[in-house]
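**Student:** need coordinates for the below:
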Amino acid sequence: TDYMLLSYMPSFLTSELKYDETHGLLVVLGVMALMMIVQPFAGALTDRVGRRPVIAAGCAGFLFLSIPALLLIRQGSLLAVALGMGALGLLLVCFTAAMPAALPALFPTRVRYGSLSIGFNVSVSLFGGTTPLVVTALIGATGDLMMPAYYMMAAAVIGGFAVWRMSESAGRPLPGSPPAVEAEQ
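**Tutor:** Okay, the predicted model is just below:
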């Protein structure tokens, strides 16, 4: 959902804040380039400290920084928009770095691929695909341009609860998979 909001931001900037479309797209492009640079380091961090703490940090960040980031974005200057979008992008890296390792670990080997693909794709379709429509409708119904921040905060609370219930998978074999090593040492 948070990724969809990041990709929704150019539309939000042009339709709601009357921001130049080219600048909005360039800012998102720069944020995604920053995310690509940070991604491997965040992935290594999940191996060292665990997936749960990194995902929990992302949830906490979206909960507490969504409003300040959106307020920065609403300022309208290129620097403010870039800082707000950059903050959201770096928070999103907490999820994109941890999820490829965390999600498969939720399922035992015999049902891993089917369960993961169905669960992931259905949730992305239901929530991620409808995010721009829902947020736009909420803005239209309430007139409150802070709706994207509230939506991210709600997603962070739901995600935080899911992380709290999730078991840690870093440094452990996947459920149903014996350790595969060549020699005892």
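
**Student:** ok, the residue nearest the centre of the chain to residue 141 distance?
**Tutor:** What sits nearest the mean C-alpha location of the chain, by Cα atoms, centre = their mean, is residue 92, with 3.7 Å. From residue 92 over to residue 141 the distance is 26 Å, taken as Cβ to Cβ, to the nearest Å. Glycine gets a C-beta too; all of them are placed from N, C-alpha and C.

**Student:** can you check residue 159 too?
**Tutor:** Separation of residue 159 from residue 141 (Cβ to Cβ): 24 Å.

**Student:** who's more crowded, these two?
**Tutor:** Just comparing residue 159 and residue 141: by other Cβ atoms under 10 Å the higher neighbour count belongs to residue 159, 20 against 9.

**Student:** helix or strand for that one, which one?
**Tutor:** In this assignment (DSSP states H and E), residue 159 forms part of helix 147-165.

**Student:** in this protein, which spans are helices?
**Tutor:** Listed in chain order, the helices of the chain (DSSP state H) span 2-15, 21-49, 51-75, 78-102, 112-123, 131-142, 147-165.

**Student:** ok, now which ones touch the closest residue to residue 59 other than its chain neighbours?
**Tutor:** The spatially closest residue to residue 59, leaving aside those adjacent along the chain, is residue 160, at 4.1 Å (Cβ to Cβ, 6 or more residues apart in numbering). Counting by Cβ atoms under 8 Å, 6 or more residues apart in numbering, residue 160 touches 56, 59-60, 63.

**Student:** let's see 10 Å
**Tutor:** Going by Cβ atoms under 10 Å, 6 or more residues apart in numbering, residue 160 touches 55-56, 58-60, 62-63.

**Student:** next one: it, what pLDDT does it get?
**Tutor:** For residue 160, the pLDDT comes out at 94.

**Student:** just the mean pLDDT for stretch 125-144, thanks.
**Tutor:** Averaged over stretch 125-144, pLDDT sits at 87.
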